Each structure stands twice: as structure tokens, then as C-alpha cells.
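Enquirer: Attaching a predicted model along with its sequence, questions to come.
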Protein chains: 2
Amino acid sequence: MQPQPLIQIYNCLCDETRLRMVHLLAQSPLCVCHLQDILGLTQVAASKHLAYLRRHRLVEARRHEQWMIYSLPAARPRELDWQLRCLQDCLPTHPVFRDDLRRLKARQADCCWVAEAVGAASTATQGSVKTKPIKKPK
Amino acid sequence: MQPQPLIQIYNCLCDETRLRMVHLLAQSPLCVCHLQDILGLTQVAASKHLAYLRRHRLVEARRHEQWMIYSLPAARPRELDWQLRCLQDCLPTHPVFRDDLRRLKARQADCCWVAEAVGAASTATQGSVKTKPIKKPK
DNA sequence: TGCGCATATCCCTATACCAGCATATTCTCT
DNA sequence: AGAGAATATGCTGGTATAGGGATATGCGCA
């Protein structure tokens, strides 16, 4: 959009929940139910924040069967790349984000994408999806 | 504060006025009246946004006679340095910010700090103030 | 076709913040 | 002490957004 891409990005990331979402999506594409699970959100909260991020072009979504898979866009503006590098450098030391990564890795066994991404250390580029996410964990 | 320094920074910079302020202060310390003038703000708007930035530790203020001089803090957290580098890289192409810099340079003649900073290309470290800012330009 | 799951949207309330107006505060100078 | 300049703070109305409950939509399966 017009009002300075950077400002849009800042508006997205100035909310802790959304920051955590982007941080996780920088590791791996994820479906809504996983984000909801890892971040401990209600379905509504997860969906709304993702809609917000999507509306501002920070994430993309594609449907896979009954699941919506969210991921960082393949082609990113320079502004966003700066932020991703910043997150990479600044967040790992903070407990909240460390724990998020721990929980993400714990899903490896349950979910093909997470396994792919975490295991293969692929940097969240959107590989084609091969199998299904876990059933929504309660 | 606690809630993740990065989030604080994002909250500060997600407002265009504050982003422009930080962008200018990255070039040179400035008094309120100069910021007000360059950005075309009311006195109240300038003061409030500066108070917000100050409350969140993105800027420091010191009094010099009757003027308050705002500047970036000498010791900056890594999070803030990332953003300053990002601004440096992403903003100059955008008209709004280019014009701000133009107006800043135009004040060179009128104001010792601007002259110092812009002229000597000192990077907004807080040198000791030697003379006065211009009388508030109308 | 009908059901269940995953996700999105609508409606409502509470909160944060911006902008402007009026007023208070802090200096400096006389 | 008094005046005036520079800056800060209180109050108010308006807007954006978070969060929750209920409901709607899209898709796969029996």
C-alpha cells in the first residue's frame, strides 16, 4: 500500500501476538491450528491476527484441503527482510520467543511441514505440501 | 520496559509522524521548534509525540536555556540500531522523508546544531551545544 | 445430501491513541 | 516581581483495534 510499507510493517509487528506469529512463520509455514496451539490463542484471535497480517501483506495464505496454510511471502520487500533479520538477531534471547520455538520443534513429530522446515532447516520458502497437518490438538 | 524492547520500538515507529521525527533525529539533535517547523506540526502535536518517544526511551531530552533539545540516546540497544540502519536504507527513496531532509538542510544557516550535524556529518552523537537555536520561526 | 472440522466474519464492549483547545510549567530577561 | 517565549499536560471526541460469543462459509467424508 501507499502509506509507507515500513509503517505497515511496524503496525503489524507492534503487537506481541503478531510478532510471535511472524517469528514462527519465519521458521516454517504453519496452519492456523498450529499457530493457535503454539501461541495459546483462541480460534478467533488467531484468525483475526492472521487476517490483519495478510491484509498488510506480511503473510500469504493458501488452502490445503480443509486447512489454511500461512507463510511469509516468497517475494519480500526490502523493508520486511530487514525486520526478519532483526528478529533473527534480537528475539532468540527472550524467553517468550525461545519457548515458542521449543513448542514449534515439539510439533515436528506431528506435522509434516514443521518436520520439513525445522528438520531440513529450509528457510520458510514455500515447498509444496505433501501431507496433512495434525488433527487439531483439542 | 519489559514488554520486549522491540515491541516498544515498533509501537513508536508505526506512526508516520514519529517515524519522521526519529529519522530527522538520526541526522542531528533538534529542539522542539525545529521539529515542529520541519514537520509542519502544531506545538501540541510535536510535544506529545516527543513525550511518547521519550517515555519509550527512543529519544532523550536535555534542556538548553529555554529550549528542549531532543536527540537519539547515546547508548542504544541493539534493537534500535537495527531500526536506524533500516531507516537509513529504506526511507531516502520516499518523497516525504527526502523532503524532510531537504528542509532540515535548509535550516543549516539558521541553527548551530543543524549546521554542526549536517555540515560536519557527525552522526547525531550529542556534542556539547555551543549556541542557540533560531527564534521560533513564526 | 448431511455432518463435522477448520477457518472466517459479525456484533458488542473495552482500551489505546490522535488531534485540537485550553491551561500549566519552566526559563530568561527586564 | 512581571512578562513573554518555549514546552508540557489535562480534557474531550473520534477512530482503530483487541477479545469474546455466536454464527456463517468452505471442504472432505459417509
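Expert: Happy to help now that I have it. Residues are numbered from 1 along each chain as shown, chains lettered A, B, ... in the order given.

Enquirer: Close to chain B: what parts of chain A are there?
Expert: Those residues of chain A that sit near chain B, judged by C-beta under 8 Å from any C-beta of the partner chain, are A:3-7, A:10-11, A:13-16, A:19, A:78-79, A:82-83, A:85-87, A:89-91, A:94, A:96. Using the backbone N, CA and C atoms, a C-beta is placed for each residue, glycine as well.

Enquirer: Just the buried residues of the residues you listed.
Expert: Buried members of the residues of chain A next to chain B, scored by 16 or more other C-beta atoms under 10 Å in any protein chain shown, are A:4-7, A:10-11, A:13-16, A:19, A:79, A:82-83, A:86-87, A:90-91.

Enquirer: Go through those residues and flag which are in helices.
Expert: Counting by DSSP state H, the part of those found in helices is A:5-7, A:10-11, A:13, A:16, A:19, A:79, A:82-83, A:86-87, A:90.

Enquirer: Could you single out the nearest of those residues to DNA strand D?
Expert: Of all those, DNA strand D sits closest to A:N11, with 6.2 Å by C-beta to the nearest atom of the strand.

Enquirer: Which residues of chain A lie near DNA strand D?
Expert: A:11, A:15, A:17-18, A:42, A:44-45, A:48-49, A:52, A:63, A:65-66 (C-beta under 7 Å from any atom of the strand).

Enquirer: can you pull the contacts of the residue sitting nearest the centre point of chain A?
Expert: By C-alpha atoms, centre = their mean, chain A has its centre lying nearest to A:L25, at 2.3 Å. A:L25 makes contacts with A:59, A:70-72, A:124, as judged by C-beta atoms under 8 Å, 6 or more residues apart in numbering or on different chains.

Enquirer: residues from chain A in reach of DNA strand C?
Expert: A:31-33, A:36, A:43-44, A:46-48, A:50-51, A:61, A:66-68, A:135-136.

Enquirer: Buried subset of the residues you listed, written for ChimeraX?
Expert: Selection of buried members from the residues of chain A next to DNA strand C for ChimeraX, criterion 16+ other C-beta under 10 Å:
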select /A:31,32,33,36,46,50,67,68
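
Enquirer: Which secondary structure state does A:K48 sit in?
Expert: At A:K48, secondary structure determined by DSSP: H, G, I helix; E, B strand; the rest coil is helix.

Enquirer: right, I mislabeled it, should have said A:R57
Expert: Under three-state DSSP, A:R57 comes out as coil.

Enquirer: And for the one 5 residues further on?
Expert: Under the three-state scheme (three-state DSSP), A:R62 adopts strand.

Enquirer: Next, the residue nearest to it when sequence neighbours are not counted: secondary structure please.
Expert: In this structure, A:R62 finds its nearest non-sequential neighbour in A:I69, 5.4 Å apart by C-beta to C-beta, 6 or more residues apart in numbering or on different chains. With three-state DSSP as the basis, A:I69 sits in strand.
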